[in-house]
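Chemist: curious how this folds, go ahead:
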Amino acid sequence: MQMVREQYVTTTQGSSAPRSVSDHVYKIGIYGWRKRCLYLFVLLLIVILVVNLALTIWILRVMWFNTEGMGLLQVHSDGVKLEEGESEFLFPVYAKEINSREDNSLLVHSLENVTLNARNENGDVTGRISVGPKEAQGHTQNLLINSHNENMLFTADGEQAVIGPDKLRVTGPDGALFQHSVETPLLRSEHFKDLRLESPTRSLSMDAPKGVHIKALSGNIEAASNMDVILQSIDGLLVLDALTVRMPSLPLSEGNVPGNAQGLYEVCVCPSGKVFLSKAGVASTCSENQEC
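Modeler: This next block holds a predicted model:
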């Protein structure tokens, strides 16, 4: 650009003829290759702006962003709500509470496993539940299971396990296996089924501070052992209350010969019902024994 030429006419005293002043030309602006680079840069900015705007609109359309949230996932003041459909999380999810809809159950699917961690204020894991394709594991200090009415069903810690209901039922075909002692006030079988207490390799003992009561409403009570069966009463008597008491394999003594009766004893029953053991050959009849 060129400025308009201006002619300044000056007059002097005694002279009326105008005198021309030398012309000055000023060029303002960017010319040449600088001008072309500026236009190219402006054009590039416009193209980038249009592309960014198009990508933003495309992302909004694909992710279903709206004024309430993202697609079916709605954001409210009390949390995030998914009305319908499924959600997939590729990274860890931190939430205070996860609830399902009132008419549906809460389902969590994973191709590997599902792990729930509980952390303290320092970020350390205090409890963990992991459900995998082959097993489920739980790591916690105390395990507590309650019913719908807040009654304790089962609790366990590092020292003991407590079962809340009045009845524990084991339905396995092989029964229940205990490696150590079992303490219970009542042990019974199901109706029309036998109750068996077995110890294949060790001894079986039953102890109670106020006695052990064994009762069979129908059927027999049998005690079998490869060695000895010991019935011991420390402070009281051993009472066999039955119409008939049979000992078919008890050896019999032969007369009153002390030599042949060494190590043999006779079972004597008094008229009062008292039963005692007497060394064979000592007393000819139970009535003659002083213990009656």
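Chemist: where along the stretch 151-292 of the chain do the strands fall?
Modeler: Remark: strands assigned in the stretch 151-292 of the chain by DSSP state E, counting those that start in this stretch are 152-156, 161-163, 265-269, 275-279.
Chemist: lowest average confidence across those, which one?
Modeler: Mean pLDDT across the strands of the stretch 151-292 of the chain is lowest at strand 275-279; the value there is a mean of 65.
Chemist: pLDDT weak spots in this protein?
Modeler: Filtered on pLDDT under 70, the chain yields the residue ranges 1-29, 68-69, 71, 83-85, 250-266, 269, 271-292.
Chemist: contacts for stretch 215-235, please.
Modeler: Residues outside stretch 215-235 that contact it (C-beta atoms under 8 Å, 6 or more residues apart in numbering): 194, 214, 238. Using the backbone N, CA and C atoms, a C-beta is placed for each residue, glycine as well.
Chemist: the same query, at a cut-off of 7 Å, please.
Modeler: With contacts defined as C-beta atoms under 7 Å, 6 or more residues apart in numbering, stretch 215-235 is touched by 214, 238.
Chemist: now the end-to-end length of that stretch.
Modeler: Using C-alpha to C-alpha, to the nearest Å, the end-to-end distance of stretch 215-235 comes to 22 Å.
Chemist: next one: that stretch to chain centre, how far?
Modeler: Stretch 215-235 sits 42 Å away from the centroid of its parent chain (C-alpha atoms, centre = their mean, to the nearest Å).
Chemist: do the same with stretch 73-80
Modeler: Computed by C-alpha atoms, centre = their mean, the chain-centroid distance of stretch 73-80 equals 29 Å.
Chemist: same thing with stretch 176-188?
Modeler: In this view, stretch 176-188 has its centroid 25 Å away from the chain centroid, taken as C-alpha atoms, centre = their mean.
Chemist: that stretch spans what distance, first to last residue?
Modeler: End-to-end distance (C-alpha to C-alpha), stretch 176-188: 13 Å.
Chemist: what's the domain layout of this protein?
Modeler: As assigned by automatic domain parsing, the chain contains the domains 10-63, 106-137, 253-292.
Chemist: list the buried ones in the shortest one?
Modeler: Of the residues in domain 106-137, none is buried under the neighbour-count criterion (16 or more other C-beta atoms under 10 Å).
Chemist: and stretch 162-177, by the same measure?
Modeler: Within stretch 162-177, no residue counts as buried by 16+ other C-beta under 10 Å.
Chemist: gap between the two ends of stretch 117-135?
Modeler: By C-alpha to C-alpha, the extent of stretch 117-135 from end to end equals 17 Å.
Chemist: who touches it?
Modeler: With C-beta under 7 Å, 6+ apart as the test, stretch 117-135 has contacts from 113, 114, 115, 116, 136, 137, 138, 139, 140.
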